[in-house]
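Asks: Fold the following.
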Amino acid sequence: MADARPEQRAAGHNLHRSAPLKPRRRRIRLVVVGLGLLLAALAGGLEVRHVATDLQASITASTQAAQRELESGKATLSAANKEHNADKLNEADAHFIAASAYFESARSQTDRNVLLRIARHVPVLAGYVNQRTTAVDNISEMGIKLAHAAVIIARIDRSLIEAPAGTSGSARIMAVLRTSQPYLAGVESDLSAAQKASAAINADVLSSGQRATLTKTRKTINDALAAAQEFQRLAPALVDILGGNGPRTYLVEQVNPSELRAGGGFIGTVSIVTINAGTIKLGFSGSTYVFDGPRPNKGQPGYYTPPSVLAGFYNRMSWNLEDSNFSADFQTNAKWGQFFVQRVRGTHTDGVISLDYYAVASMLEVTGPIRVPNYGVTFDSKNFIPEVIKLDIAASPVHKTILAATASELLGRIAELPADKWPALIQVLNAAVSDRHLQLSFNAPVAQKEMARGGWASALNPQNAHDFMLETEDNFGGVKSNYFLTRHYTVDLSQVGSSLHHHVVIDFAQQGPPRDTPFYSAYARFYVPDVATNLTMRSTPSSEYRPLHGSPGGYVNQDIPTGFKMADGWFVINIGGALSGRYQLVIDYDTPWSSDAAGKHVIYWQKQPGTLNDSVTVLWHVSGRSYEAKGDLSQDRLITLSPMGAILSQAQIASVHLPGIGL
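Replies: Numbers count the residues shown, from 1 in each chain. Here you go, the predicted structure:
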C-alpha cells in the first residue's frame with residue numbers, strides 16, 4: 001500500500017469520503033423499486049380487479065348456496081315441529097351443517113388467495129379489496145354462528161318431539177324445560193355473535209339482491225335472539241307453575257257469565273287441581289254450594305261480612321266463595337277465593353284460574369268431544385254452551401253436577417294431552433285471555449310477573465293509561481238474563497279547552513223469552529281515573545232506575561280501588577212490559593286532555609270479563625268537524641283521538657306461548 005501511486009491514494013481517499021452517500025443511493029433505489037411496483041400494480045390493476053370480481057362471483061355463489069340451505073333448514077324445522085316429525089329434524093340438521101360449510105368455504109376462498117393478500121397492502125387497491133374481503137369474513141361469521149345456533153335449537157325441539165309413548169304434554173314440557181337449560185347459553189352466545197357480525201357488514205359493497213338477503217337474515221337473527229332471551233325468562237315461570245319447584249295447588253273457578261258478576265260471572269262450580277313435576281291431579285270438583293256448605297247468618301260461626309254495598313242485599317247472611325267474584329280487579333277476587341278455600345277446607349292454594357263457558361267451549365276444539373259419564377251427555381265446542389244454558393234455565397237438579405263432571409273430564413283430558421297438541425291449546429287460551437273469558441293469578445312472583453308480561457295476568461288499567469274507563473254489571477236477580485242481553489255503547493267525545501268531555505250511553509236490549517228471564521236486576525259500576533271530574537251516572541227511563549241510596553239497605557260502596565273514581569247504582573229491566581226490555585245508562589265526566597307530540601289522546605277501554613262482543617260507536621268532535629268509528633268490545637280497546645279523526649283498535653294481545661326458539 002506504501003508503494004501505491006498518488007492517484008491511487010487519492011482515489012482511495014475520495015472513496016472513503018463518499019461512503020456516507022451510500023444509504024441515500026439505497027433509498028433512492030428502494031423508492032424506484034416501490035414506484036415500479038406501484039406502476040406495475042397500476043398497470044395490472046385491472047387484472048387484480050378482474051381476479052377479485054371472479055372471486056367475488058365464486059364467493060357469492062357459496063353464500064347464496066349457504067343461504068338456500070339455511071332457508072331449507074328453517075322450513076324443515078318448522079315442518080318437523082308442526083308435524084311432530086323427528087325424521088325432518090334430521091333433514092333440518094343436514095341443511096344447517098351444509099350451510100355452515102358453504103359459509104366457511106366463502107371465508108376460506110378469500111383467506112387462501114395470495115393476490116388478494118398482496119392487494120390489501122397496495123394503497124390504490126387496498127380500499128376496494130379490504131371492504132369486500134371484510135364483508136365476506138363478516139357474512140361467513142354471521143352464517144356459521146347462525147347455523148350452529150340452529151343445530152342446537154333443533155336439538156331442543158327434538159327433546160319435545162321424541163317424547164316417550166304415553167307421556168302427557170305437561171310432563172313432557174316440564175322435562176324439556178329442564179333438559180334445555182344447558183343449551184340455552186350456547187344458543188344465545190352464537191346468536192349474539194351472529195348479530196355482532198351482521199352489524200359489521202357494510203351493505204354498500206353488496207349487490208341489491210345480497211342486501212335484501214342480508215336484511216332478511218338480520219331479522220332472523222334478531223327474532224331468534226329475542227326468542228332465546230324470552231325462553232330464558234319464561235322457563236323459570238313455567239317450571240314453577242307446572243310444579244317443578246314442588247307441588248302447586250290451584251283453585252279453578254268455573255264461572256257462569258249468564259249470571260254476570262264484575263269478575264266474570266257467578267262461581268257455580270270449582271275444582272282443586274294439584275300439579276307436581278308436570279303431572280296433573282284433580283282433587284275436589286263440584287258445586288260451590290257443596291264446597292262451601294250451609295251459609296251461616298250474622299253471629300253464627302263461619303260468618304264473614306260481605307262488601308259494604310251488598311250488606312243489605314245479603315240480609316245478615318255470610319259472604320262466601322260463590323259470590324267472591326265481586327271486585328272489578330281479578331287479583332282481589334283471586335285473594336278472596338283463596339281465602340275461602342283456606343277457611344272452609346283448610347287447603348292452601350298457589351293461584352287461581354277462572355274460566356267461563358266460552359273458554360271451555362274453545363278448549364273443546366283442541367281436546368275434542370267429551371262424554372260425561374253417568375249422564376249420557378256428550379259435549380263438543382258447538383253444543384256445550386246451548387246445552388248448559390238449557391239446563392241452567394230449566395233449573396235442572398243435575399245442572400251443577402254435570403258441569404262439575406265436565407270440568408273433571410276436561411281437566412283430565414288436558415292432563416293427558418300429547419305434547420304436539422299443546423301449541424294449539426296455548427293459542428286457544430291466548431284468545432280466551434284476550435277476550436277476558438280466562439283469568440289467572442299466581443302467588444309466586446316469578447310466575448305472576450311472566451304471566452303479566454305475556455298479557456295473562458288480569459289487572460285494572462293494565463297499561464296505566466292516563467284516560468281509562470270500565471263498566472261492570474253484577475246480576476243479582478238469580479236468573480240467567482245475561483245470555484239474552486245485548487248492549488250498544490255510544491261514546492261521544494269532545495274537547496273543551498284543556499278537558500275532554502265523555503258522554504257515554506249504554507243501550508241495553510233484553511232478547512230473552514219473558515217466561516225464562518222475566519227481568520234483569522243488576523248493580524252497575526263505571527270506573528274512571530281519579531283525575532276525572534264531574535262524574536255522573538243516570539238512567540232512562542228514570543222510573544226503572546233505583547239510584548245508589550235506593551239500593552237494598554241503602555249502603556254505600558266504599559271499595560274503590562286506589563287511582564280510580566266510580567259511579568254506581570242499581571237498575572231493573574222488565575221483560576215484556578212497557579219498556580219492551582230496553583234500557584239506558586248515561587254517564588258523563590271530564591278528563592284532562594293529554595295529547596302526545598303527535599297531538600293524539602288515547603283512552604284505554606277495559607272490557608268486563610264474561611261479556612261477548614257488544615257493539616260500539618265512537619263519535620269525536622274537534623275543530624268544528626265530527627268523526628265516527630265503529631267496532632265492538634270483544635276485547636279491551638284503545639280509542640285514539642287526533643285532529644285527523646278517531647280510531648278504535650285492539651288494546652293488547654295475550655301472547656304467552658310454549659318455550660321455543662324459532663328461526
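Asks: Alpha carbons of the helix or strand containing Ala447, as CSV, please.
Replies: Ala447 is part of helix 445-453, with elements assigned from DSSP states H and E. This file holds the C-alpha atoms of helix 445-453, laid out as CSV (Å, rounded to 0.1, in the frame of the first residue of the first chain):
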residue,chain,number,x,y,z
PRO,A,445,-93.7,-13.6,41.9
VAL,A,446,-91.7,-15.2,39.1
ALA,A,447,-94.8,-16.8,37.6
GLN,A,448,-97.1,-13.7,38.1
LYS,A,449,-94.5,-11.4,36.6
GLU,A,450,-94.1,-13.5,33.5
MET,A,451,-97.8,-14.0,33.0
ALA,A,452,-98.3,-10.3,33.3
ARG,A,453,-95.6,-9.7,30.6
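Asks: Ala98 - how many residues pack around it?
Replies: 18 (other C-beta atoms under 10 Å). Glycine gets a C-beta too; all of them are placed from N, C-alpha and C.
Asks: My error: substitute Ile241 in the last question.
Replies: Ile241 has 25 nearby residues by other C-beta under 10 Å.
Asks: what's the closest non-adjacent residue to it?
Replies: Ala447 (5.1 Å; C-beta to C-beta, 6 or more residues apart in numbering).
Asks: what secondary structure does Ala94 sit in?
Replies: helix (DSSP: H, G, I helix; E, B strand; the rest coil).
Asks: Asp590 and Gly497 touch, don't they?
Replies: No. Assessed by C-beta atoms under 8 Å, Asp590 is found out of contact with Gly497, at 9.9 Å.
Asks: and the two? which has more neighbours close in?
Replies: Neighbour totals were compared for Asp590 and Gly497, and Asp590 leads with 18 against 8 (other C-beta under 10 Å).
Asks: now Gln210: how far from Val491?
Replies: 51 Å (C-beta to C-beta, to the nearest Å).
Asks: Neighbour count: those two, which is higher?
Replies: Each of Gln210 and Val491 has its neighbours counted (other C-beta under 10 Å); Val491 has more, 23 against 18.
Asks: In what element of secondary structure is that one found?
Replies: Using DSSP H and E, Val491 falls in strand 485-496.
Asks: Give me the angle between the next helix or strand after that strand and strand 485-496.
Replies: Downstream of strand 485-496, the next assigned helix or strand under DSSP H and E is strand 499-510. Note on geometry: by axes from the mean of the first three to the mean of the last three C-alpha atoms, to 10 degrees, strand 499-510 and strand 485-496 are set 170 degrees apart in direction.
Asks: need the next SSE after strand 499-510, C-terminal direction.
Replies: Following strand 499-510 in sequence order, the next helix or strand is strand 519-529 (DSSP H and E).
Asks: Sheet-wise, list the partners of the strand holding Val491 with their directions.
Replies: strand 499-510 (antiparallel), strand 615-622 (parallel) (DSSP bridges).
Asks: which residues touch Val360?
Replies: Taking C-beta atoms under 8 Å, 6 or more residues apart in numbering, we find Val360 in contact with 254, 384, 406-407, 410.
Asks: Which parts of the protein belong to which domain?
Replies: For the chain, automatic domain parsing gives the domain ranges 29-241, 248-453, 467-650.
Asks: Between these, which has the poorest mean confidence score?
Replies: Per-stretch mean pLDDT for the domains of the chain is lowest at domain 29-241 (a mean of 78).
Asks: Number of residues surrounding the nearest residue to Gly497 once chain neighbours are set aside?
Replies: Leaving aside its chain neighbours, Gly497 sits nearest to Trp593 (7.9 Å; criterion: C-beta to C-beta, 6+ apart). By other C-beta under 10 Å, 16 other residues sit near Trp593.
Asks: now Gly127
Replies: Gly127: 10 surrounding residues under other C-beta under 10 Å.
Asks: can you tell me the helix or strand for it?
Replies: Using DSSP H and E, the element containing Gly127 is helix 123-161.
Asks: What is the distance between that helix and the centre of its chain?
Replies: Chain-centre distance of helix 123-161: 30 Å, with C-alpha atoms, centre = their mean, to the nearest Å.
Asks: Let me know the angle separating the helix or strand just after it from helix 123-161.
Replies: The C-terminal neighbour of helix 123-161 among helices and strands, as given by DSSP H and E, is helix 169-199. Orientation check (the same axes, to 10 degrees): helix 169-199 against helix 123-161 gives 180 degrees.
Asks: Show me what helix 169-199 is packed against.
Replies: Where contact means 3 or more C-beta pairs under 8 Å, 6 or more residues apart in numbering; DSSP states H and E, helix 169-199 is packed against helix 123-161, helix 208-241, strand 279-287, helix 422-434.
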